[in-house]
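Engineer: Here's a sequence, model it:
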Amino acid sequence: MNKQRKTRKHNLSVIISILFTLSLWYFVSLPQHDSNLPVIKGSDFLSDDDLLIDKVYTFHSGSPSLIITNLTFEKEYTYNIKMAVVTDEHQCHMEVDLFDPEGDLYEMFKSQEPMTYDEYFDIPFGAALSGVYTLNFTKLDGPNLNIHIIIRKGELCFREFVSGDANYVYNIRKFARIPSGKSYRPYYYFKDQWRYHIYLCRVSPISANRSNQIILDHNLVDPSVEEISFSIYTNHSLGQVWEPRDYEFGTAMAGEYLLNFTFYQDPEFINVMFLITDAGRLAAGEDPGPTNETTAPTPIIWVPLEAQVGISLGVGALILIGLIIMIYTKRHSNI
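Structural biologist: Numbering: from 1, shown residues only. Predicted coordinates:
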């Protein structure tokens, strides 16, 4: 009997020890929160593939910044970043910076006017690289407040400008600032007697306190032996973010065309969208010719009006002289 009691007590002790160990392991494994600088990783990401972040965060004097890491962006897609103050009677200035997968900094946003209650600011960003991005939100002034942040994956960037799928070329490229100008020289095959619509657009926003001056030189070179150059833009502003520069080009021959771009930019890094759409056949490409190719065309001689008058008078004079001679000869023969 005593032996059975000792066995039960021993089993109870083992069970309590196991439960205690499991409880201790659970609490140790809980994620730790740094109140001084919150770093959001996976806990605020949603199961919806398009909605990456949708949460209210507190910005206070002890923690004016929020870093969101592990944001996976896909190349050539738009990512919309929205934010608003959601504590009434509060306002502040905000700054938003982005680091791409190569660690390069894009200074994207700084509010010029105070952000007020329930006023949402939209920051669309076109990704030139696929990979992991980091966003840094900083409250520059104002009281302790809450800010609602939404990050959502949008459509392919070209959908902002064209609705169809007749795209021949679509690409977003990242350009780093070079004082002498950054060149981009792709070759594309164009059909003969065809029309193409070409779009250029900056798809990375630039903070209001940074210069957004971007100057563009652009020309096309055809595939002929002469390599004829067609100047499109010279010392031309690329324009504001999401405001495209576009033009149409009709070809006179088929072949590999050189599209030559040179960017002179103040920002350290920009993302530029290139889009070429197929606008269809422009001309039949046929020359008018004779119905019978073996017969040479009759030459046309053009005679000036003065010469025509002179010739007419000369011919008339010869005819008159001939008539006089005939009459004179006939009279003498009758005598």
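
Engineer: give me phi/psi at Arg159?
Structural biologist: Main-chain dihedrals, Arg159, degrees, to the nearest 10: phi -60, psi -20.

Engineer: Ignore what I typed, I meant Cys157.
Structural biologist: Note on Cys157: backbone dihedrals following degrees, to the nearest 10 are phi -60, psi -30.

Engineer: just checking, it touches Met273?
Structural biologist: Yes: here Cys157 lies in contact with Met273, judged by C-beta atoms under 8 Å, at a distance of 5.2 Å. The way it works is simple: take the backbone N, C-alpha and C, and place the C-beta from them, glycine included.

Engineer: per-residue confidence averaged over the helix or strand harbouring Leu259?
Structural biologist: Taking DSSP states H and E as the definition, Leu259 sits inside strand 255-265. The pLDDT scores in strand 255-265 average 97.

Engineer: circling back: list the residues that contact both of Cys157 and Met273?
Structural biologist: Taking C-beta atoms under 8 Å, 6 or more residues apart in numbering as the contact rule, Cys157 and Met273 both touch Gly126, Ile172, Cys201, Val203.

Engineer: Most neighbours among these, please name it.
Structural biologist: Highest neighbour count within these, by other C-beta atoms under 10 Å: Gly126, with 26 neighbours.

Engineer: check contacts around that residue.
Structural biologist: Glu76, Tyr77, Thr78, Tyr79, Cys157, Ile172, Val203, Ser204, Asn271, Met273.

Engineer: buried ones in stretch 78-86?
Structural biologist: Using 16 or more other C-beta atoms under 10 Å as the test for burial, stretch 78-86 gives Thr78, Tyr79, Ile81, Lys82, Met83, Ala84, Val85.

Engineer: And the residues you listed, which is closest to Asn212?
Structural biologist: Checking those against Asn212 with C-beta to C-beta, the nearest one is Ile81 at 17.9 Å.

Engineer: Spatially nearest residue to that closest one, not counting backbone neighbours?
Structural biologist: Distances taken as C-beta to C-beta, 6 or more residues apart in numbering put Ile123 closest to Ile81, at 4.2 Å, once the chain neighbours are dropped.

Engineer: Next: Asn212.
Structural biologist: Of all residues not flanking Asn212 in the chain, Ile206 sits nearest, at 4.2 Å (C-beta to C-beta, 6+ apart).

Engineer: where does that neighbour fall, helix, sheet strand or coil?
Structural biologist: Here Ile206 is recorded as coil under DSSP: H, G, I helix; E, B strand; the rest coil.

Engineer: and it, how many neighbours does it have?
Structural biologist: For Ile206, using other C-beta under 10 Å, the count is 23.

Engineer: Kindly provide the distance from it to Val241.
Structural biologist: Noted for Ile206: a distance of 7 Å to Val241, by C-beta to C-beta, to the nearest Å.

Engineer: Spit out the residues that contact the two alike.
Structural biologist: Asn212.

Engineer: Break down the stretch 151-300 of the chain into its strands, ranges please.
Structural biologist: In the stretch 151-300 of the chain, the segments counted as strands under DSSP state E, counting those that start in this stretch are 167-176, 182-184, 187-190, 194-202, 214-221, 229-237, 245-250, 255-265, 269-281.

Engineer: Quick check: buried residues in the third one?
Structural biologist: Along strand 187-190, the positions that meet the burial threshold by neighbour count (16+ other C-beta under 10 Å) are Tyr188, Phe190.
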